[in-house]
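Asker: Structure, please.
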Amino acid sequence: MPGVTLDDAVPLADLMPWSVAPPRLGRGWPTAPDPASLRARWDALMKAEGPEREALFEPSRARTAHTAVAGLPGRPADTGRLVRASGPCPDPVRVLAAPFDERWLIPDHRLIDAARPELWRVADERQVFVVESAEPPFLLATSLFPTLRTGRVRPLYRRPGGAEPNLAPGLAGFLGHSPDPLEVLAWTLAVVRPDRTVPLTRDPGLWSRGVAWGRRMLWLLRRDGERPRLPGGRRPYVRAPLPARPVTLRHDADEETLHLDEGRVSPVPLAAWEFEAGGERVLERWFAERTAPAGPGTLEAIRPSGWPQGWTSELLELVTVLTLLAELEPRRAELTAEIEAGAAGGALVTATDLRAAGVLPVPDGARRPASVLTLDEEGPEGQLALL
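Answerer: Residues are numbered from 1 along each chain as shown. I've put the predicted structure just below:
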């Protein structure tokens, strides 16, 4: 089809039409790299009374210790005002707090300025959350609840249990490829452009190659199945014991070694060390979140007294994931070249094509959350929540 270019690629906002603004926590202490610290912080808050509790809570315009809010969908929690709260800490849940940085969160609506209940309603073991970013990588995918402050969050499914894909109605049938939503997501991760448009193709061979690349990226991003491993001889190991409280992190490119003070981890390829997300080196940010000092007298200052063994395991896996992701990048360039060649040959499915077929514009209802009434939801002060 002469004149067809990638400039008419389909916007992600039309491909996955329902999106939600990112959650806004409003305070740092309800998240931590380890759940034990969260329980200790909660206990410290419960022991405080009156103005001391209010100060420790760190009030904002959206939340104070006196604010009445409903419970998070599907999460058992006290909905009485926090100023009168007592009892144990709600069980922390694993979240994606920053690119490639999994932490823990106290899932209590009273602690979160903007929790986005519509995301909690569809969060389960089948869900995949796609998170936009203005800088590479332009899309992240996670099975965990996302608390990143980057861009819009687009759930792959509009309902729990992997029901009702969040895709433009009629898209899968028009493409003629597999109707599996995970394949559409894999393709999207493989070919998304910086402007967050997604070239689509009629070529089944090219589609299969892109999906295979994207599925591997999706596996590395989600990390919810078999754990990623590098071949023997390339797996990172602790070569010198890590100190109890490391304060510096540096990389030796010649030796492919990561130094945490006098502790050493290798091999760590330069590509893993230089891997960036959101304009920051992932390994440096991950380390800083676990070692940067917190203000004295704050709940955030309640942290492990040393470096937990679990953090070392997480670091080794993170190095593995970044190494494998870096190795995938050359294939992305090859896919882009194949897509451009396909566009010249008429294999590109454009936004104009989808409009002509009636797939676009998507119905207004597809941009709004579905009605999910299968979860228990309690209103403020134990009242019945009306949805």
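Asker: use CA for all of it now, contacts and neighbours both
Answerer: Will do.
Asker: Please state the mean pLDDT value computed over stretch 98-110.
Answerer: Averaged over stretch 98-110, pLDDT sits at 97.
Asker: which stretches of the stretch 201-350 of the chain form helices?
Answerer: 204-222, 270-273, 282-291, 309-344 (DSSP state H, counting those that start in this stretch).
Asker: what packs against the last one?
Answerer: In terms of contacts (3 or more Cα pairs under 8 Å, 6 or more residues apart in numbering; DSSP states H and E), helix 309-344 is packed against helix 181-191, helix 204-222, helix 270-273.
Asker: Of all those helices, which one is nearest Ile112?
Answerer: Proximity to Ile112 (Cα to Cα) singles out helix 204-222 among the helices and strands packed on helix 309-344, at 24.4 Å.
Asker: Now do the buried residues in that closest one.
Answerer: With burial defined by 16 or more other Cα atoms under 10 Å, the residues of helix 204-222 counted as buried are 206-207, 210-215, 217-222.
Asker: okay, the helices of the stretch 201-350 of the chain in a markdown table with distance to His66 and mean pLDDT next?
Answerer: Below are the helices of the stretch 201-350 of the chain laid out as a markdown table (distance: least, Cα to Cα, whole Å; pLDDT from 0 to 100):
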| stretch | distance to His66 | mean pLDDT |
| --- | --- | --- |
| helix 204-222 | 37 | 94 |
| helix 270-273 | 45 | 98 |
| helix 282-291 | 30 | 97 |
| helix 309-344 | 36 | 92 |
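Asker: Output these as a markdown table; include the columns distance to Thr31.
Answerer: Below are the helices of the stretch 201-350 of the chain laid out as a markdown table (distance: least, Cα to Cα, whole Å):
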| stretch | distance to Thr31 |
| --- | --- |
| helix 204-222 | 20 |
| helix 270-273 | 25 |
| helix 282-291 | 11 |
| helix 309-344 | 15 |
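Asker: Of the ones you listed, give the one that comes closest to Arg152.
Answerer: Each of the helices of the stretch 201-350 of the chain has some distance to Arg152 by Cα to Cα; the shortest is helix 204-222, at 17.4 Å.
Asker: Could you grab the helix/strand/coil label for Leu140?
Answerer: Of the three states, Leu140 takes strand according to DSSP: H, G, I helix; E, B strand; the rest coil.
Asker: For it, which non-adjacent residue is closest in space?
Answerer: Val131 (5.1 Å; Cα to Cα, 6 or more residues apart in numbering).
Asker: Please apply the same query to Arg303.
Answerer: Nearest non-adjacent residue to Arg303 (Cα to Cα, 6+ apart): Ser37, at 5.4 Å.
Asker: likewise Ala62?
Answerer: Asp113 (5.4 Å).
Asker: Which residues are in contact with that neighbour?
Answerer: 24-26, 60, 62-63 (Cα atoms under 8 Å, 6 or more residues apart in numbering).
Asker: Name only those of the residues you listed that count as buried.
Answerer: Burial by neighbour count, judged by 16+ other Cα under 10 Å, picks out 25-26, 63 from these.
Asker: With secondary structure and distance to Arg126 as extra columns, can I get those residues in JSON lines?
Answerer: As requested, the buried ones among the contacts of Asp113 are exported to JSON lines (DSSP: H, G, I helix; E, B strand; the rest coil; distance: Cα to Cα, whole Å):
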{"residue": "Leu25", "secondary structure": "coil", "distance to Arg126": "24"}
{"residue": "Gly26", "secondary structure": "coil", "distance to Arg126": "28"}
{"residue": "Arg63", "secondary structure": "coil", "distance to Arg126": "31"}
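Asker: between these, which is closest to Gly295?
Answerer: For the buried ones among the contacts of Asp113, the nearest to Gly295 is Gly26 (16.3 Å; Cα to Cα).
Asker: That closest one contacts Ile112, doesn't it?
Answerer: Yes: applying Cα atoms under 8 Å, one finds Gly26 in contact with Ile112, separated by 6.2 Å.
Asker: and the closest residue in space to Ala357 that isn't next to it in sequence, how many neighbours does it have?
Answerer: With sequence-adjacent residues excluded and distances taken as Cα to Cα, 6+ apart, Ala357 is closest to Phe174, at 8.0 Å. Phe174 has 15 neighbouring residues, counting by other Cα atoms under 10 Å.
Asker: what's the answer for the one 10 residues further on, then?
Answerer: Using other Cα under 10 Å, Val184 is surrounded by 25 other residues.
Asker: contacting residues around it?
Answerer: Val211.
Asker: Tell me, what's the model's pLDDT at it?
Answerer: Per-residue confidence (pLDDT) for Val184: 96.
Asker: what separates it from Thr147, distance-wise?
Answerer: For Val184, the distance to Thr147 equals 24 Å [Cα to Cα, to the nearest Å].
Asker: Let me know how buried Ala114 is, in neighbour terms.
Answerer: Residues contacting Ala114 under the criterion other Cα under 10 Å number 16.
Asker: So that it lines up with my notes, have the first residue be 569 from now on.
Answerer: Okay, residue one is now 569; in that scheme the one you just asked about reads as Ala682.
Asker: Surely it touches Arg595?
Answerer: No: the criterion here is Cα under 8 Å, and Ala682 misses it with Arg595 at 11.0 Å.
Asker: now the strands for the stretch 619-768 of the chain?
Answerer: Remark: strands assigned in the stretch 619-768 of the chain by DSSP state E, counting those that start in this stretch are 661-666, 669-673, 697-700, 707-710, 713-714, 721-723, 725-727, 731-733, 765-766, 768-769.
Asker: Enumerate the positions of stretch 856-866 that are buried.
Answerer: 858-859.
Asker: and that stretch, how far apart are its ends?
Answerer: 18 Å.
Asker: Residues contacting it, please?
Answerer: Stretch 856-866 has contacts (Cα under 8 Å, 6+ apart) with 601, 624, 813-815, 868-869.
Asker: What is the most widely separated pair among those residues?
Answerer: Across these (Cα to Cα), the longest gap, 27.3 Å, separates Leu624 and Pro814.
Asker: Is the spatially closest residue to Pro714 that is not a sequence neighbour bridged to anything, and to what?
Answerer: Spatially, and ignoring its direct neighbours in sequence, Pro714 is nearest to Leu664 (4.9 Å; Cα to Cα, 6+ apart). With DSSP bridges as the criterion, Leu664 is bridged to Glu670, Pro714.
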